[in-house]
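Undergrad: Need a 3D model of the following:
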Amino acid sequence: MLLTFNNYGIEVKEYSNQTEMNLYFKKCDLGTIILGEEIANFNQFYGVIICPQTSGLHYFGIGICTENYGLKPHFLPLPQSNIILFGFDNQIVGINIDQREIAFKINLNSLFYYFLPIAEKQIILIIQELDVVAINEKGKELWRYGKDVITETYLNGENIQLNFMDESQACLNILNGELIKT
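TA: Residues are numbered from 1 along each chain as shown. Take a look at the predicted model:
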């Protein structure tokens, strides 16, 4: 199955090992970027094959090597900037699809959980095990908040409510990260 993103077709696959992933990337005549190779004990492998839909059969590959924390990597296409965000382990990587290069990388304080895009505010909330980080589409950090293991998040207008494992809940303004008294 393919996902259409601007003028690109995107295919996502999981591989049983790094050799299988690397073999699949041999068809990537436009290049390949491998994320997570610096991790000492990676044992899960994912690949994204990107095919420009207007230039014939040419391919660009993005491989992801992760540790097995029970959390699958996420990707978030950002059509306005032709960037795809990848969240895995304790990092976020933005790949510029037109230039086929890493646009930015953000190291996280804890394990990545999921993206929560707020399109109308041009903010992306990155929900982690212990923090929430707000960034813009260029990867600039806007604010960060954390105090315990996050168990639930709720959006309510311009606010996000965070429930924690052992601490009292918190409500933050998504624009500036300020704590809202409830």
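Undergrad: Now do G47, the pLDDT please.
TA: We have a pLDDT of 94 for G47.
Undergrad: tell me which element it falls in.
TA: strand 44-52 (DSSP states H and E).
Undergrad: helices or strands up against that strand?
TA: Judged by 3 or more Cβ pairs under 8 Å, 6 or more residues apart in numbering; DSSP states H and E, strand 44-52 is in contact with strand 8-15, helix 18-24, strand 60-66. From N, CA and C alone the C-beta is placed, and that goes for glycine too.
Undergrad: at 10 Å instead, please
TA: Contacts defined by 3 or more Cβ pairs under 10 Å, 6 or more residues apart in numbering; DSSP states H and E place strand 44-52 against strand 3-5, strand 8-15, helix 18-24, strand 32-35, strand 60-66, strand 83-88.
Undergrad: contacting residues for the nearest residue to Y8 once chain neighbours are set aside?
TA: In this structure, Y8 finds its nearest non-sequential neighbour in I50, 5.2 Å apart by Cβ to Cβ, 6 or more residues apart in numbering. For I50, the contacting residues are 3, 5, 8-11, 28, 30, 58-62, 84, 95, 97, 100, by Cβ atoms under 10 Å, 6 or more residues apart in numbering.
Undergrad: hmm, which of the residues you listed are the buried ones?
TA: Neighbour-count burial (16 or more other Cβ atoms under 10 Å) applied to these gives F5, Y8, I10, C28, Y59, F60, G61, I62, I84, I95, I97, R100.
Undergrad: Relative to L2, how far out is the second one?
TA: Translated: Y8. Distance, Y8 to L2, using Cβ to Cβ, to the nearest Å: 9 Å.
Undergrad: Same question for the third one.
TA: Computed with Cβ to Cβ, the distance linking I10 and L2 is 6 Å.
Undergrad: what's the overlap in contacts for these two?
TA: Common neighbours of I10 and L2 (Cβ under 10 Å, 6+ apart) are I49, C51.
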